[in-house]
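J.: Have a look at this prediction, sequence included:
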2 protein chains.
Amino acid sequence: MQTLTVELGSRSYPIHTGAGLIEMPVLYTQHFAGRQVMIVTNETIAPLYLERLKAQLGDYQVAEVILPDGEQYKSIEYLEKIWDGLMAAGFNRRATIIALGGGVIGDMAGFAAASYQRGIGFIQMPTTLLSQVDSSVGGKTGVNHPRGKNMIGAFWQPRAVIIDTNTLNTLDQRQLSAGLAEVIKYGFIRDSDFLAWLETHIDALLALDTAALNHAIITSCRTKADIVAEDETEQSVRALLNLGHTFGHAIETHQGYGNWLHGEAISTGMAMAAKWSQLCGDINESDVQRVEQVLSAAHLPIKAPTNMSAERFIELMKHDKKVLDGGIRLVLLDALGKARVEDQVDEKALAQMINDYPRANLPQ
Amino acid sequence: MQTLTVELGSRSYPIHTGAGLIEMPVLYTQHFAGRQVMIVTNETIAPLYLERLKAQLGDYQVAEVILPDGEQYKSIEYLEKIWDGLMAAGFNRRATIIALGGGVIGDMAGFAAASYQRGIGFIQMPTTLLSQVDSSVGGKTGVNHPRGKNMIGAFWQPRAVIIDTNTLNTLDQRQLSAGLAEVIKYGFIRDSDFLAWLETHIDALLALDTAALNHAIITSCRTKADIVAEDETEQSVRALLNLGHTFGHAIETHQGYGNWLHGEAISTGMAMAAKWSQLCGDINESDVQRVEQVLSAAHLPIKAPTNMSAERFIELMKHDKKVLDGGIRLVLLDALGKARVEDQVDEKALAQMINDYPRANLPQ
């Protein structure tokens, strides 16, 4: 087991990662305020892990809400089902919510906790690699509005994050690789040592080696925690977390959510950002090849979809929500392990780069 | 104009009270983060004050959501109309919400602000005396769930509270008196000097004398702010704010919400609490008469409803949400200007007191 404490003063909390942590209830029951526990999970995860978790909670008053699996259920309507479940169980403000699932479950259960009786405790038990390295830090919770993703929500910190790496045994290979895209991102933007470690441990991670997973997860969470601590209000360095995301969001939007997984889209997005960084003279061709090689080794795509013109890319990138005043904002690589934000983008040259960029459909 | 600063570190905010403050936009526009302003109000208030407010905001991008008037619309369904309005207007996280209305509007608009894009700024412009002295301090926002009042919400502080006492000109007399019940409560629980002042200024308040209103509003808000600061987590002294509320909630519940106004129910509740305090030997008969006289002078009821037995009172008081473990918790008066919480209540003697207590229907 490895542990990282996210330092937030009175709201500090531990992230524990290791094999079999669901069966170590002391790690999470010590963070309960009362005896009432609501487990929020989904129809995919429930048959796999719900009974295992409940078996640890014999001394508590346990209720559960099982949502359908998928981003399309990350809605106000399904959020209400969590509130309804809490009310039907008669739970008070000392109740604790456990989010058992991926990012959608964590975001929804977290916002339910933030808003039930003006705020109750919650514990994250993320079961996908993406949610383990992305949602464990930052305190973002919420649901989608019909007109926009993550538009309704709150900043609400968990009391603890329990990452049982055994839950990755049931994650399909494509989802695992998609999670690795975010892990690799932390190497690109901030940590050349970690990137070098990843280049020699991708196979161990794909094989779910526990020690390798623990190291990759804790390093990713620590990097994100450092960045968030430096920039709580998302003004500056936090933008670096969006490496590959401006290209990637364009791909996700054009393909329709779920056809390209988020991690797949940002993998290609990071490769495109690396190429653009090379054209800007910031990194050289061998750097770009290293970017492409580590992503490919993780079974991630690096080529753009065949059905997207440069014009379509530019159009969608201008509508990215992180963009101010209709320009294009890109995160570029100054070196492998060092990123910066660039607001002054030569749109014509960028269109030319995208036009020349290699294409392929999934799987690549 | 009088001003009170509620001290909350980086979240400190001013409460301004005075006649005509809606027409002094510098008081609130300085607290806007950006150029986008959403006014949330209701169908009663909109015809009276909406255009007057919008006339001050010519330099801003203004949108509005007008909700139906009434506690029954303090629901998730109508909260969604505020979120929808913000999304339809394309408002970003630098937008500001102005809550123009009574407690229901303040609670709903405040929670919409707390949850839109994980939190945007909001300005309270309370238009009822009750909301001016009650909702201005404490940061409570939220909506009702079908199974319970105020069950969904957040603590979210306003950037400023603008109390234009001219808005009381259109408040009906019964609502004004109901607001005075909360004002008088602050004298009973904490401030004998203020109580003495109230005894000589009730007529001025009922006549909407600006200086008297400013003094009563600021003193009430200051007392509440002091109590909340001493006890942010509602463990101890904050319970004193519930003087009269255990009896009062029983009356409201039995009569159906809206038949007895909240202020009317707690006025009778405070008179009953005073009577019980006398029976417990804490205050004497002349104290009880002072309690009754100041409430009556404010045109508030002090007698219990004719249709409620002692048994019904006890039954409902045991279900009050502030009660722990099925007992009855009462706030009693040790003196006029000093209150305490009593958890050890002799239920049989209490039933006898209620049984003997004078009855009358509204208006009294």
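T.: Thanks, I have it.
J.: how about the residues of the stretch 51-200 of chain A that lie near chain B?
T.: Proximity of the stretch 51-200 of chain A to chain B, by C-beta under 8 Å from any C-beta of the partner chain, involves residues A:76, A:80, A:83-84, A:87-88, A:111, A:114-119, A:140-142, A:145-148, A:151-155. Glycine gets a C-beta too; all of them are placed from N, C-alpha and C.
J.: Does residue A:291 touch residue A:274 like I think?
T.: Yes. Look at residue A:291 against residue A:274 with C-beta atoms under 8 Å: they come within range, at 4.2 Å.
J.: Identify the contacts common to those two.
T.: A:188, A:333 (C-beta atoms under 8 Å, 6 or more residues apart in numbering or on different chains).
J.: ranges for the strands of chain A?
T.: A:2-6, A:13-18, A:36-42, A:61-67, A:96-101, A:121-126, A:140-145, A:148-155, A:160-164, A:330-335, A:338-342 (DSSP state E).
J.: so of the ones you listed, which one's packed in deepest?
T.: strand A:96-101 (a mean of 28; mean count of other C-beta atoms under 10 Å in any protein chain shown).
J.: Could you tell me which residues within stretch A:189-209 count as buried?
T.: Applying a neighbour-count criterion of 16 or more other C-beta atoms under 10 Å in any protein chain shown, one finds A:189-191, A:194-195, A:197-198, A:201-202, A:204-206, A:208 buried in stretch A:189-209.
J.: Output these in a markdown table; the columns should cover pLDDT.
T.: Formatted as a markdown table, the buried residues of stretch A:189-209 follow (pLDDT from 0 to 100):
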| residue | pLDDT |
| --- | --- |
| A:189 | 96 |
| A:190 | 94 |
| A:191 | 96 |
| A:194 | 98 |
| A:195 | 98 |
| A:197 | 98 |
| A:198 | 98 |
| A:201 | 98 |
| A:202 | 98 |
| A:204 | 98 |
| A:205 | 98 |
| A:206 | 98 |
| A:208 | 97 |
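J.: With distance to residue B:280 added, can I get those residues in CSV?
T.: Formatted as CSV, the buried residues of stretch A:189-209 follow (distance: C-beta to C-beta, whole Å):
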residue, distance to residue B:280
A:189, 67
A:190, 66
A:191, 67
A:194, 68
A:195, 73
A:197, 71
A:198, 72
A:201, 72
A:202, 74
A:204, 72
A:205, 69
A:206, 73
A:208, 67
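J.: Which one of those is nearest to chain B?
T.: residue A:189 (22.9 Å; C-beta to the nearest C-beta).
J.: Would you mind confirming that the closest one makes contact with residue A:242?
T.: No. Between residue A:189 and residue A:242 there is no contact under C-beta under 8 Å: 9.3 Å.
J.: shared neighbours of the two, which are they?
T.: Common neighbours of residue A:189 and residue A:242 (C-beta under 8 Å, 6+ apart) are residue A:331.
J.: number of nearby residues for the residue of the stretch 101-250 of chain A found nearest chain B?
T.: Residue nearest to chain B within the stretch 101-250 of chain A: residue A:147 (4.2 Å; C-beta to the nearest C-beta). Per other C-beta atoms under 10 Å in any protein chain shown, the neighbour tally for residue A:147 reads 12.
J.: Test my guess that residue A:240 contacts residue A:186.
T.: No. If you go by C-beta under 8 Å, residue A:240 and residue A:186 don't touch, sitting 9.8 Å apart.
J.: before we move on, the earlier item: ok, now which ones touch the residue of the stretch 101-250 of chain A closest to chain B?
T.: Contacts of residue A:147 (C-beta under 8 Å, 6+ apart): B:84, B:87-88.
J.: of those, buried ones?
T.: residue B:87.
J.: Serialize the contacts of residue A:147 to JSON lines and add fields for distance to chain A and pLDDT.
T.: Below are the contacts of residue A:147 laid out as JSON lines (distance: C-beta to the nearest C-beta, whole Å; pLDDT from 0 to 100):
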{"residue": "B:84", "distance to chain A": "8", "pLDDT": "98"}
{"residue": "B:87", "distance to chain A": "4", "pLDDT": "97"}
{"residue": "B:88", "distance to chain A": "7", "pLDDT": "97"}
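J.: measure residue A:145 to residue B:35 for me?
T.: To residue B:35, residue A:145 is 22 Å away according to C-beta to C-beta, to the nearest Å.
J.: Tell me how many other residues crowd the closest residue in space to residue A:53 that isn't next to it in sequence.
T.: Nearest in space to residue A:53, with sequence neighbours left out and distances taken as C-beta to C-beta, 6 or more residues apart in numbering or on different chains, is residue A:22 at 5.5 Å. By other C-beta under 10 Å, the residues close to residue A:22 number 20.
J.: shaky segments in chain A?
T.: A:232-235, A:321-326 (pLDDT under 70).
J.: Let's see that with 80 instead.
T.: A:231-236, A:257-258, A:319-327 (pLDDT under 80).
J.: domain assignment for chain A?
T.: In terms of domains, chain A is parsed into A:2-170, A:173-356 (source: automatic domain parsing).
J.: what's the closest of the ones you listed to residue B:169?
T.: domain A:2-170 (33.4 Å; C-beta to C-beta).
J.: What separates the first and last residues of that closest one, distance-wise?
T.: Domain A:2-170 has an end-to-end distance of 21 Å (C-alpha to C-alpha, to the nearest Å).
J.: tell me the helices in chain A, going along the chain?
T.: For chain A, the helices defined by DSSP state H occupy A:26-29, A:51-54, A:76-88, A:103-115, A:129-134, A:173-190, A:192-206, A:210-230, A:245-255, A:262-279, A:285-297, A:310-318, A:347-356.
J.: if we can go back for a sec, residue B:27 is nearest to which of the strands of chain A?
T.: strand A:148-155 (28.1 Å).
J.: and the closest one, what does it pack onto?
T.: For strand A:148-155, the contact count by 3 or more C-beta pairs under 8 Å, 6 or more residues apart in numbering or on different chains; DSSP states H and E identifies helix A:103-115, strand A:140-145, helix B:76-88, helix B:103-115 as packing neighbours.
J.: residue contacts, the nearest residue to residue A:61 once chain neighbours are set aside?
T.: Excluding its sequence neighbours, the residue lying closest to residue A:61 (C-beta to C-beta, 6+ apart) is residue A:36, at 4.9 Å. Shown in contact with residue A:36 (C-beta under 8 Å, 6+ apart): A:60-61, A:63, A:89, A:91-92, A:94-96.
J.: Equivalent analysis for residue A:179, please.
T.: Residue A:179 neighbours (C-beta under 8 Å, 6+ apart): A:128-130, A:132-133, A:171, A:263.
J.: Out of these, which is nearest to residue A:181?
T.: residue A:263 (3.7 Å).
J.: Including distance to residue A:361, could the strands of chain A go into JSON lines?
T.: Putting the strands of chain A into JSON lines (distance: least, C-beta to C-beta, whole Å) gives the following:
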{"stretch": "strand A:2-6", "distance to residue A:361": "38"}
{"stretch": "strand A:13-18", "distance to residue A:361": "35"}
{"stretch": "strand A:36-42", "distance to residue A:361": "29"}
{"stretch": "strand A:61-67", "distance to residue A:361": "32"}
{"stretch": "strand A:96-101", "distance to residue A:361": "30"}
{"stretch": "strand A:121-126", "distance to residue A:361": "30"}
{"stretch": "strand A:140-145", "distance to residue A:361": "27"}
{"stretch": "strand A:148-155", "distance to residue A:361": "25"}
{"stretch": "strand A:160-164", "distance to residue A:361": "33"}
{"stretch": "strand A:330-335", "distance to residue A:361": "25"}
{"stretch": "strand A:338-342", "distance to residue A:361": "29"}
